[in-house]
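Undergrad: Just need the structure, nothing else, for what follows:
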Amino acid sequence: MLDRTLEIKTPEQVELMRRAGLLVGETLELLRGAARAGVTTGELDALAEDNIRSHGGVPSFLGYGYPPFPASICASVNAEVVHGIPGARALVDGDVISIDCGAIVEGWHGDAAITVAIGEVPAEVTELMAVTEDALWAGIGAARLKGRVSDISRAVETTVRERGSYGILEDYVGHGIGSQMHMDPNVPNVVRRGERGPRLVTGMALAVEPMVTLGGAETDVLADDWTVVTSDGSLAAHFEHTFALTPDGVWVLTALDGGQERLAGLGVPFGGR
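TA: Below is the predicted model of the structure:
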């Protein structure tokens, strides 16, 4: 029996989520190109808000939660894993920044994140980013109709564990998404004993977001009540996409191509158009 707390979307609602997802994806690509040495995280935030609003969207993050989040993106640099607050910090060569972005279009949400290297970074950091992004796609690719949320978690964790000794955040997870940014079910990045999660069905939309570190998985929250940092000061990477399950397969709503290229490489049916 389907969990009644889950929001199942109609095809028309998924189309609206695709509009929100495309706006998020386009905004992140804009920020990827703008993220360079000398640019402040606050300037990236202003660029994101302008792009979202000028294309008919509303930033999901601005004013969210308590205390209200004060920006339109999360900008998390180096040992900051997620929920970093943009401001006067200027990026420098060797930094790595996670940029998380959300937008609402006609009441429907999209949510995605990328990690960008500023200038030259060590090979281990480049590999960390590749591992984290590959884990994201492995998780999405593991989503099959009649499968379970835990299939996604297992694919994410297995991908990371097979590539090296990395820390995987367990206290911060992916999530359901749709008419709200954060909804049931949670989508953990590790398999939790005894938890299989809900069954995956047509019309379900999820955000998968592995957060991986070069060190341990332990984290602390700074005095701003938002910024999550690694306890050991190790660098972190974070990637995220929103996807929906359609009768034909998987549609990655925040990927500009809908996920076709990466899904094809995984042998996963594409469910978009």
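
Undergrad: so which helix or strand takes in residue 175?
TA: strand 174-176 (DSSP states H and E).

Undergrad: quick one: strands adjacent to that strand?
TA: Here strand 174-176 has these sheet partners by DSSP bridges: strand 183-187 (antiparallel), strand 205-208 (antiparallel).

Undergrad: Moving C-terminal from the last one, which element do we reach first?
TA: It refers to strand 205-208. strand 211-213.

Undergrad: Point out the other helices and strands that that next one packs with.
TA: strand 80-82, helix 123-141, strand 167-168, strand 236-238 (3 or more Cβ pairs under 8 Å, 6 or more residues apart in numbering; DSSP states H and E). Where you see a C-beta, it was placed from the backbone N, CA and C, and this is true even at glycine.

Undergrad: ok, 6 Å please
TA: Secondary-structure packing of strand 211-213 (3 or more Cβ pairs under 6 Å, 6 or more residues apart in numbering; DSSP states H and E): strand 236-238.

Undergrad: So what are the sheet partners of the strand it packs on and their directions?
TA: Here strand 236-238 has these sheet partners by DSSP bridges: strand 211-213 (antiparallel).

Undergrad: List the buried residues in the very next helix or strand once past the partner strand.
TA: Reading on from strand 211-213 to the C-terminus, the next helix or strand found by DSSP H and E is strand 219-221. For strand 219-221, a neighbour-count test (16 or more other Cβ atoms under 10 Å) marks residue 219 as buried.

Undergrad: Over to stretch 116-132?
TA: Neighbour-count burial for stretch 116-132 flags 116, 117, 118, 121, 125, 128, 129, 131, 132 (criterion: 16+ other Cβ under 10 Å).

Undergrad: from those residues, which two are the most distant?
TA: Greatest spacing in the buried residues of stretch 116-132, by Cβ to Cβ: 118 and 131 (19.1 Å).

Undergrad: most tightly surrounded among the strands paired with strand 174-176?
TA: Mean neighbours per residue, mean count of other Cβ atoms under 10 Å, is largest over those for strand 205-208, with a mean of 27.

Undergrad: contacting residues around that one?
TA: Residues outside strand 205-208 that contact it (Cβ atoms under 6 Å, 6 or more residues apart in numbering): 9, 111, 136, 139-140, 174-178, 187, 240, 242, 244.

Undergrad: CA atoms of it as CSV?
TA: Extracted C-alpha coordinates of strand 205-208, given in CSV (Å, rounded to 0.1, in the frame of the first residue of the first chain):
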residue,chain,number,x,y,z
ALA,A,205,9.7,13.1,-7.4
LEU,A,206,12.9,13.0,-5.3
ALA,A,207,16.0,15.0,-4.8
VAL,A,208,19.1,12.9,-4.4
